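In: give the three-dimensional model of this entry:
(one chain, ligands or ions: 1)
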Amino acid sequence: MNHRKSQLPGKVYLVGAGPGAPNLITLRGKHLLERAEVVVYDYLANPKLLRHVPETAQLVYAGKKGGGLHAFTQAQINTLLIDFARQGKRVVRLKGGDPFIFGRGAEEIEELVAAGIDFEVVPGVTSATAAATYAGIPITHREYTASVAFITGHEAPGKKESNIAWDKLATGAGTIVVYMGIKNLPIITRKLIDNGRSPDTPVAVVRWASTPEQHSVEGTLATITEVVNQAGITPPALIIVGDVVRLRSTIDWFEKRPLFGRHMVVTRTREQASELVALLEENGADCLEYPTLHMEPARDYTLLDDALTRITEYDWLLFTSINAITWFFDHLWKKDMDVRSLGGPKIAVVGRATAKKLRNYGLKADLIPEKFTGEGLAAALIATGMEGKKVLLPRAEKAREILPEMLAEAGAEVRVAPVYRNVPPQGRKDELRQRLEEQSIDLVTFTSSSTVDNFLTMVDADSEEELHRLMDPVKIAVIGPITAETVARHGLKVDIQPQEYTIADMVNAIVTYYRKDGD
Ligand code: SAH
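Out: Sure, this is the predicted structure:
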């Protein structure tokens, strides 16, 4: 018998990343990214899409900004894809827009075919339709045009024999969309006019379509070159020529959203963040998501282990967070114990969510305070009489001291036992600092005191002076009064605070603020 492991053949998936907005990729494309072993991606493919890729996957940036400094040549990319596939890898080749529209996708596939490598092509939303749509221009409309042409504007300017039949195109196609045409814009407009298209034909130019950086301008064949120069528009941008551009004044929606072009920080905490990001983005904001503290085991479990061996002596076991419950039971099981060992003490929790979490472990909370705070829990416990009571409080290494202090004051003997610790993320600290330095953040949102602490840990200012220098240009929005207090405690000023303490109300307050004020 042959025990040699047969190697599965590799496969290359040529996937259209869509025009820029990371949510404009197809479901098939996302599915393939989630299963990729290697991703080779371009400069036009939004790096935010790499979020879908497994951590273990190898990422290769193939560059390509007009063939700039760090770019691979097309031949190198082809070789790379073939090599990875021969190693048996599932390779996603991620390309901006649609891979078969001015994307040289076909050339890559031809090489794969020649090398006998299996492949699949996944179309993408091409930037022409996206740019038009996101600039409020329908590329066809019954009353304006019945045809549309996609052309490349990248042909060498001096080239005698053009592949584009300008004489037929100029008046033959209702709408003309030009890819890669910014550099040659004066030549392109000239060719169209010389071949019979009216100089008054409306033209729009859209840069970085569908992203928070989108910038669109409008003119006519006669004026657009000047307009583009004035606005300082550089590639990547598309040129849309035709009467449909007139509809923009009615349909334009994307750049008109109230938070468009605003860069807002969201410090992630559990489920909240996705709702917050969704609502902000819907209003046009660019969300910079920074990860919350992550949790690691406590450094020392001696205090907990000791308490567990004498758990029956305790009167109360307290849980003030869901995380404390998770880590406590994790540790219990590691010690080969289970809930039956907890027979002695009564159990108190801080609120409804912790009570519910406890129920998952088959345990019922004996006490839930009316007010779901540390103080509320302390008050409720003290009302039952704490004199001489033994209390075990498993929790984070660092946490607010108010609960143990109040209980101790009421005569209890409190053992605080660390079961986990919060570790601030280091990775994106430099990026955050840089953005603050260059003042490219408009607003920071805080949905809890820990998001404030977490964010400021990441900012890591050396002095109060530095903190103010970095943070004073940034607006601060908070969800409610406790978070506001925490911000104030750090010496910073709250600009936006909703009446009701919900994410939706906070976003409404932010929208109202920018509608009114706008700076
Ligand atoms: N395959 C891509 C096109 C690649 S050619 C697609 O289907 O969209 C590169 C050109 O596409 C750029 O020079 C620019 O003209 C256009 N382009 C790509 N993404 C763009 C974007 N987000 N906004 C405006 N133009 C874009």
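
In: so what's the residue of the chain found nearest the ligand up against?
Out: Distances between the chain and the ligand by Cβ to the nearest ligand atom are smallest at G97, namely 2.0 Å. All C-beta spots, glycine's among them, are computed from the backbone N, C-alpha and C. Applying Cβ atoms under 8 Å, 6 or more residues apart in numbering to G97 gives the contacts 16-19, 44, 103, 124-128, 130.

In: inside helices: which ones of these?
Out: Among the contacts of G97, the ones falling in helices (DSSP state H) are 127-128, 130.

In: how about those residues in TSV, adding distance to T354, pLDDT and neighbour count?
Out: Shown next, in TSV, are the ones in helices among the contacts of G97 (distance: Cβ to Cβ, whole Å; pLDDT from 0 to 100; neighbours: other Cβ atoms under 10 Å):
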residue	distance to T354	pLDDT	neighbour count
S127	49	97	28
A128	53	97	27
A130	46	97	24
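
In: format the contacts of G97 as JSON lines; extra columns: distance to D366.
Out: JSON lines is the format used below for the contacts of G97 (distance: Cβ to Cβ, whole Å):
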{"residue": "G16", "distance to D366": "58"}
{"residue": "A17", "distance to D366": "54"}
{"residue": "G18", "distance to D366": "54"}
{"residue": "P19", "distance to D366": "57"}
{"residue": "L44", "distance to D366": "59"}
{"residue": "G103", "distance to D366": "64"}
{"residue": "G124", "distance to D366": "57"}
{"residue": "V125", "distance to D366": "56"}
{"residue": "T126", "distance to D366": "62"}
{"residue": "S127", "distance to D366": "61"}
{"residue": "A128", "distance to D366": "65"}
{"residue": "A130", "distance to D366": "58"}
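
In: quick one, which of the residues you listed are buried?
Out: Neighbour counting with 16 or more other Cβ atoms under 10 Å marks 16-19, 44, 103, 124-128, 130 as buried within the contacts of G97.

In: burial check on H490, number of neighbours?
Out: As a burial measure, H490 scores 15 neighbours (other Cβ atoms under 10 Å).

In: from the contacts of G97, list the ones also adjacent to the ligand.
Out: When contact is defined as Cβ under 6 Å from any ligand atom, these meet the ligand at 19, 44, 103, 126-127.

In: pipe these into a markdown table and attach distance to N78 per row.
Out: A markdown table is the format used below for those (distance: Cβ to Cβ, whole Å):
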| residue | distance to N78 |
| --- | --- |
| P19 | 24 |
| L44 | 18 |
| G103 | 14 |
| T126 | 22 |
| S127 | 23 |
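
In: farthest pair within those?
Out: The distance between the two most remote of the ones next to the ligand among the contacts of G97 (Cβ to Cβ) is 11.9 Å, for P19 and G103.

In: do you know the pLDDT at D519?
Out: We have a pLDDT of 51 for D519.

In: and if you look at K160?
Out: 68.

In: about what we covered before: among the ones in helices among the contacts of G97, which one lies nearest to L24?
Out: Nearest member of the ones in helices among the contacts of G97 to L24, counting by Cβ to Cβ, is A130, at 6.6 Å.

In: could you check how far that closest one is from Q74?
Out: A130 sits 24 Å away from Q74, going by Cβ to Cβ, to the nearest Å.

In: do the same with S448
Out: Relative to Q74, S448 is positioned 50 Å away (Cβ to Cβ).

In: and those two? which has more neighbours close in?
Out: Using other Cβ under 10 Å as the criterion, S448 and Q74 rank with S448 on top: 19 against 15.

In: my guess is that one contacts T483. True?
Out: Yes: with contact defined as Cβ atoms under 8 Å, S448 reaches T483; the gap is 5.9 Å.

In: so where's the chain uncertain?
Out: Regions of the chain meeting the criterion pLDDT under 70 cover residues 1-7, 64-70, 156-160, 268-273, 292-293, 424-427, 517-519.

In: and the end-to-end length of stretch 89-104?
Out: 22 Å (Cα to Cα, to the nearest Å).

In: now stretch 16-27
Out: Per Cα to Cα, the first residue of stretch 16-27 is 11 Å away from its last.

In: how about the residues of the chain by the ligand?
Out: Checking the chain against the ligand by Cβ under 6 Å from any ligand atom, the hits are 19-20, 44, 95-98, 101-103, 126-127, 131, 179-180, 206-210, 235-238.

In: redo that, cut-off 5 Å
Out: 19-20, 44, 96-98, 101-103, 126-127, 131, 179-180, 209, 235-238 (Cβ under 5 Å from any ligand atom).

In: inside strands: which ones of those?
Out: 179, 237-238 (DSSP state E).

In: what backbone torsions are found at I224?
Out: phi -60, psi -30 (degrees, to the nearest 10).

In: contact partners for it?
Out: For I224, the contacting residues are 185, 189, 203, 205, 217-218, 239, by Cβ under 8 Å, 6+ apart.

In: picking up where we left off before, need the residues touching each of P19 and G103.
Out: 96-97.

In: helix or strand: which one has the closest residue to I251 other than its chain neighbours?
Out: Residue nearest to I251 in three dimensions, not counting chain neighbours: G136, with 3.9 Å by Cβ to Cβ, 6 or more residues apart in numbering. Using DSSP states H and E, G136 falls within no helix or strand.

In: what's the burial count for G136?
Out: Applying other Cβ under 10 Å, we find 20 residues neighbouring G136.

In: give me the number of residues near the closest residue to F102 other than its chain neighbours?
Out: Leaving aside its chain neighbours, F102 sits nearest to Y179 (4.8 Å; criterion: Cβ to Cβ, 6+ apart). Neighbour count for Y179, taken as other Cβ under 10 Å: 23.

In: pretty sure Y179 is in contact with I164, am I right?
Out: No: counting by Cβ under 8 Å, Y179 stays clear of I164, with 11.9 Å between them.

In: any residues in contact with both of these two?
Out: 151-152.

In: in the stretch 51-200 of the chain, which spans are strands?
Out: Taking DSSP state E, counting those that start in this stretch as the criterion, the stretch 51-200 of the chain contains strands spanning 58-63, 90-95, 118-122, 148-152, 175-179.
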